[in-house]
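[1] generate a structure from the sequence data that follows.
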Amino acid sequence: MARAWHLMSRPIGMPTPDNFALKEIALPALDDGMVRVKNHFLSVDPYMRGRMNDTKSYVPPFALDAPMEGGAVGEVVESRDPGFKPGDTVMHMLGWRDEAVAPASALNKLPDLGVAPQAFLGILGLTGGTAYFGLLEAASAKEGDIVFVSAAAGAVGSAVVQIAKARGMTVIGSAGGAVKCDYVRSLGADEVIDYKAGPLVKSLEAAAPKGIDVYFDNVGGDHLDAALAHARKDARFAICGMIDNYNRGEPAMFRYIMRVIGMRIRLQGFIWTDYLGHMGDFYRDMGGWIANGQVKSRETVVDGLEQTPEAFLGLFSGKNTGKMLVKL
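    Model (predicted):
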């Protein structure tokens, strides 16, 4: 019998294990056009926290007491569609479970780019695509720009650092603690801020005395405020996520928000699926950077379906370096 994690109650503030339950599920019959997949890797991502609230957003909220969803990579074990055969490796959105039955249209057969399949949940998937399109399209970053990246040791942030360096930019990364800061330096960042070591506004001033042209925001809160404080004229901000605010009940406060006017700062929110029509460019560039060693990926892997909520909650306490994955 297949098993899937269910959201049993909507969290108030930080989720707890009590909000989730692992249950057996009955898979639908394999009718024509349907495919059964055994999952090997599951993705947990910060955006999933928003889906736990009963609010309108760019994706619908998780239903209560129903299987949850998320990115997954698995192997086709049975198929009633001519486009898929047993043994094919596919990516889909029926994660948080060990097996799934889905219409063929919901599956993407992975191209052979000479990388591990789970890379398509990270550097060659949502994570890398978010970094690539957010930096180069939403923020219009270009050679010579000074770029500030928050959560630079995380899945998206670490990709942004490397893409920016590959495109000839100066990069300041922010991370928490000496180990993560060393990792960001190893990616090629020109300056690294330990946000736990002191006030961010002063730290960013020291790291970027000329100010910043681009801010890639994964955090919100104090990081966004510091970026506003040091933005140069016509700076562009790509607003990817605000993990610092997801579990807070009170609104965020920004001391330097008025600089948006004087510095003509552009704040652009985006979702990577906005750019699906340009995936060919992404695979071409990212595939090339990976092949020549300009971009590398790192994963934090948690073993076992039973540990999926623990892996998810670890995103909010800094337990991941690079992409957080669950291996089944």
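
[2] where does the stretch 151-300 of the chain dip in pLDDT?
    For the stretch 151-300 of the chain, the stretches with pLDDT under 70 are 246-249.

[3] residue ranges of the helices in it, please?
    Assigned by DSSP state H, counting those that start in this stretch, the helices in the stretch 151-300 of the chain fall at 155-166, 178-186, 200-207, 221-230, 259-262, 279-291.

[4] how much space separates the most centrally placed residue in the chain from Ala139?
    The residue lying closest to the centre of the chain (Cα atoms, centre = their mean) is Thr127, at 4.4 Å. From Thr127 over to Ala139 the distance is 17 Å, taken as Cβ to Cβ, to the nearest Å. For the C-beta atoms, the positions are set from N, CA and C on the backbone; glycine is no exception.

[5] residue contacts, Asp213?
    Residues in contact with Asp213 (Cβ atoms under 8 Å, 6 or more residues apart in numbering) are 141, 145-147, 232, 234-236.

[6] how about Arg264?
    So Arg264 contacts 233-234 (Cβ under 8 Å, 6+ apart).

[7] look up how far Phe316 lies from it.
    Distance, Arg264 to Phe316, by Cβ to Cβ: 34 Å.

[8] ok, how many other residues are close to the residue lying closest to Ile257 once chain neighbours are set aside?
    Residue nearest to Ile257 in three dimensions, not counting chain neighbours: Leu228, with 6.1 Å by Cβ to Cβ, 6 or more residues apart in numbering. For Leu228, the neighbour count with other Cβ atoms under 10 Å is 23.

[9] surely Leu228 touches Ile261?
    No - Leu228 lies out of contact with Ile261 (Cβ atoms under 8 Å); the separation is 10.9 Å.

[10] Thr321 contacts Tyr183, correct?
    Yes - Thr321 lies in contact with Tyr183 (Cβ under 8 Å); the separation is 5.9 Å.

[11] show me where the stretch 201-328 of the chain has its strands.
    With strands called from DSSP state E, counting those that start in this stretch, the stretch 201-328 of the chain shows them at 212-217, 231-239, 266-269, 299-303, 323-327.

[12] what's the most buried one of these?
    strand 212-217 (a mean of 27; mean count of other Cβ atoms under 10 Å).

[13] can you check what angle separates it from helix 200-207?
    Here the directions of strand 212-217 and helix 200-207 differ by 140 degrees (axes from the mean of the first three to the mean of the last three Cα atoms, to 10 degrees).

[14] on that earlier part again, okay, the helices of the stretch 151-300 of the chain in JSON lines with distance to Pro103 next?
    Listed next are the helices of the stretch 151-300 of the chain as JSON lines, based on distance: least, Cβ to Cβ, whole Å:
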{"stretch": "helix 155-166", "distance to Pro103": "29"}
{"stretch": "helix 178-186", "distance to Pro103": "40"}
{"stretch": "helix 200-207", "distance to Pro103": "47"}
{"stretch": "helix 221-230", "distance to Pro103": "40"}
{"stretch": "helix 259-262", "distance to Pro103": "45"}
{"stretch": "helix 279-291", "distance to Pro103": "21"}
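
[15] what's the burial count for Leu42?
    28.

[16] mind listing what it touches?
    With contact set as Cβ under 8 Å, 6+ apart, Leu42 has these partners: 70-72, 95-96, 305, 308, 325-326, 328.

[17] redo those residues as CSV? Include pLDDT.
    Below are the contacts of Leu42 laid out as CSV (pLDDT from 0 to 100):
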residue, pLDDT
Gly70, 95
Gly71, 95
Ala72, 97
Gly95, 97
Trp96, 98
Leu305, 98
Thr308, 98
Leu325, 97
Val326, 98
Leu328, 97
